[in-house]
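[1] Just the structure for this:
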Amino acid sequence: AMSASLEVQPLSGVAVITLKNPPVNALAVSLLHDLERVLREAQAHRAVRGIVIKGDRGKFSGGFDITAIRAAQSAQGGKGVIDGSSLLTAAVEQSSKPIVAAIEGLALGGGLELAMSCHARLSAPGAMLGLPELNLGVIPGFGGTQRLPRLIGLQTAIKMILSSKPIRAEMAQPLGLVDRIVPRAELLTEATELALELAASGQWKRTLARTDKIEPAEQAQMIVGFARAQTQKKAPAGVEHPLLCLDAILEGAVNGGEAGLRKEAEVFERVLTSDTAKSLVHVFFAQRATAKVGGVSDRGLKPRAMRRVAVVGGGLMGSGIATSCIQAGIEVLMKEINPKFLEAGIARVRANLFSKVKKGRMTPNAFEATMKRLKGTLDYSRFKHVDMVIEAAVEAIPLKQKIFKELCDACSPTCILATNTSTINIDLVSKLIPDARDRVCGLHYFSPAHVMPLLEIVRTEATSPQVLLDSLAFAKRTKKVPVVVGNCTGFAVNRVFFPYGQTAMMLLDMGVDPYAIDKAIGPGKGFGMPMGPLRLNDLVGMATTAHVGKQFVENFPERSYANGIVPSMVEAKRLGETTKMGFYKYGKGRKAEPDPEGIAPFLQASKAAARLPAVSSLSPQGIQEAIFFPVVNESARVLAEGVVERAADLDIATVLSMGFPAHKGGIIKWADTVGARRIVDGLEAWQARVPAQHKGFFEPCALLKQAAARGIAIADAGAVSQLSTKSKM
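    Just a heads-up that it's a prediction; the model follows:
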């Protein structure tokens, strides 16, 4: 249970307060009230001379409880979060008896803010200290914007808060954030002694009153001004909380700690209910909920360990998958069709790992030990000992069917047979092995597989709950975020994003400037995607774009748009980055330069053939809506069909794979911020612009229309529709 317990050591006269809220002693509202109560008790206790605060089970505190932030965001009438700032100032900092924080494991967010309110801080080696609040769209709200600059100076404090990155105790100590580093076994003894020393001297420093580290007002204004200019350059359009955080820091530096705390509270309240904070908190919880799958994770089944995994194919995907497995301590058997290909596959894995050594993220010894987990083979003789096979061969149906037949014969009858296909229906892959279909699933990685965090686990009608549970556990072990999706063309992510590239092609045929499209969609002051759709084509490669595009045109002909730009570029060997020419030209270091003259003939030929009405100029917002409203429309179809478990799964999937901006919360969360009504109106306006044969491209789907008509969120309409889909299953 959650509590702050008080234990008075009668001999020394030190009260030890232990924070308990497993797993990381998060500061839940009731825990903070409990802390306040035991602090009052310790203050009133005649025998107590000093106080030590520590966390239970080797962790100080992971910070304020984020579920309370989410609750405050959805509360009507703006019932805010607990005023933890005043609580820490009154009960901790202004205590009549000295308080020492004994830090181990981690002190993050509110946890570090509590430690900074204490009069001294001792830390065990290796503890992580930081203020990651900006990651959630809020600012430190328990005095962090005021106390951190007073302990370590403005410049370092600003850097730490704006980056949201924690630092190790060994770095925190020379900065002045930690007074001393003490071996873990002696931490409590030393903290107790320090509390008594401070009590005997009658002198202890209140952080808020300190001025020795913080720069004078004029210099403070320059430092914050510089940070503001840098932040404005980097902050995506519409994201204001980092700048408001700097306002709070500056207020305290110029007008003193009390004024600073008031400003911090005002800013915190303002950003708490912003769209950015709601979106980032939504993404935080969405990422943690994907492994909860109805009929799979709630059956009381235990996942089986995947100790040995075989990967069929050592190409780009196969080698990336093998890399991610051996890094997680899993033994991998890589199969190729000849010695030359096998050697190349193993070399790719080696290169993937070696780039970590070069960046200092892996020691040479760890590199050698990790590589030892990889073995190569040219046949199936050793496959009978593996727990799972992941097939990553060329995208050809007959080839995959042949491989799965061979796997079924070579592997144990409990071995999971997975395919990394991105375009082929999984029931087709397992067509020749009807008796093994309950252990066939898709494991769809994104490229590069050892770097990209998302893993789509594709279930067919036949996939068993045990196989899905094992795959979810395997994803977690290999540090992937799994999303269970249904078996349809493009699964979840590639399917909802197929209109992304197709709309861009349609806009080109209407005469919209290609580079204006990418600028409106891309980073900086654009929509905030890592790159626009045309630059993405160049990265992925024109041949791949053409191949994948064909799948969607064949499967969704009534709502697809095809033109000749990409196929004619493939013919002309303008394949994108690999040939240094695509929609852009590439000089040294992959830098993309616009190439209007080079692409003009392709655009003109396509435009003449398409005969679409010309759109002379579109505002950046007009381009964003034209490209993302069809993506939302396809997302609503995916929800209605029950392809994903919940709307939030689609949100986190679009953030982790396509780089949809996290501060917009994912595709459905963003759509609900815009509103279904406006999206339906926008789609219908585009529908009216195009000739009859293209009207289907913008046709709002039933679920989207229903959400608009009823004035409800698309996510809620999706949840209702999923219930009816599931009851039919």
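
[2] Give the full set of residues in contact with Asp298.
    By C-beta atoms under 8 Å, 6 or more residues apart in numbering, the contact set of Asp298 is Lys292. For every residue, glycine as well, the C-beta is placed using N, CA and C.

[3] With Ile426 as the reference, measure out to the most centrally placed residue in the chain.
    A centroid search over the chain (C-alpha atoms, centre = their mean) returns Leu656, at 5.4 Å, as the residue closest to the centre. If you measure Leu656 against Ile426 using C-beta to C-beta, to the nearest Å, the figure is 22 Å.

[4] Not counting its neighbours along the chain, what's nearest the residue nearest to the centre of the chain?
    Closest residue to Leu656 apart from its sequence neighbours, by C-beta to C-beta, 6 or more residues apart in numbering: Leu454 at 4.0 Å.

[5] Across the sheet, point out what pairs with the one you found.
    Counting by DSSP bridges, Leu454 forms beta bridges with Val481.

[6] Tell me how many other residues surround it.
    Leu454: 22 surrounding residues under other C-beta atoms under 10 Å.

[7] Enumerate every residue touching it.
    Counting by C-beta under 8 Å, 6+ apart, Leu454 makes contact with 446, 480-481, 483, 493, 652-653, 656-657.

[8] Which one of the residues you listed sits in the busiest neighbourhood?
    The most neighbours of any of those, using other C-beta under 10 Å, belong to Val483, which has 32 neighbours.

[9] Make sure that residue is indeed in a strand.
    Yes - Val483 sits within a strand when classified using DSSP: H, G, I helix; E, B strand; the rest coil.

[10] shouldn't it be in contact with Glu456?
    Yes - shown here, Val483 and Glu456 form a contact pair, counting by C-beta atoms under 8 Å, at 5.7 Å.

[11] Which neighbours do these two have in common?
    Any residue near both Val483 and Glu456 by C-beta under 8 Å, 6+ apart counts here, and that gives 492, 653.

[12] Quickly list what Tyr586 is bridged to.
    Tyr586 has these beta-bridge partners by DSSP bridges: Ala592.

[13] For it, give me its contacts.
    Under the criterion of C-beta under 8 Å, 6+ apart, the contact partners of Tyr586 comprise 538, 577, 580, 592-593.

[14] burial measure for the nearest residue to Leu87 once chain neighbours are set aside, as a count.
    In space, not counting the residues next to it along the chain, Leu87 is nearest to Glu36; the distance is 5.7 Å by C-beta to C-beta, 6+ apart. Counted with other C-beta under 10 Å, the burial measure for Glu36 works out to 17 neighbours.

[15] so what pLDDT did Glu36 get?
    Reported pLDDT at Glu36 in the predicted model: 96.

[16] how close does it sit to Gly109?
    Shown here: Glu36 relative to Gly109, a distance of 18 Å by C-beta to C-beta.

[17] ditto for Thr323
    If you measure Thr323 against Gly109 using C-beta to C-beta, the figure is 33 Å.

[18] between these two, which one's more packed in?
    Summary of the neighbour comparison: Thr323 and Gly109, criterion other C-beta under 10 Å, with Gly109 having more neighbours (29 against 26).

[19] May I see the buried residues of stretch 673-693?
    Within stretch 673-693, the residues that qualify as buried by neighbour count (16 or more other C-beta atoms under 10 Å) are 674, 676, 679-680, 682-683, 686, 690.

[20] what sits up against it?
    The contact list for stretch 673-693 (C-beta under 8 Å, 6+ apart) reads 275, 279, 506, 611-613, 615, 625-626, 629-630, 632-633, 664-665, 671, 695, 697-700, 704-705, 707-708, 711-714, 717.
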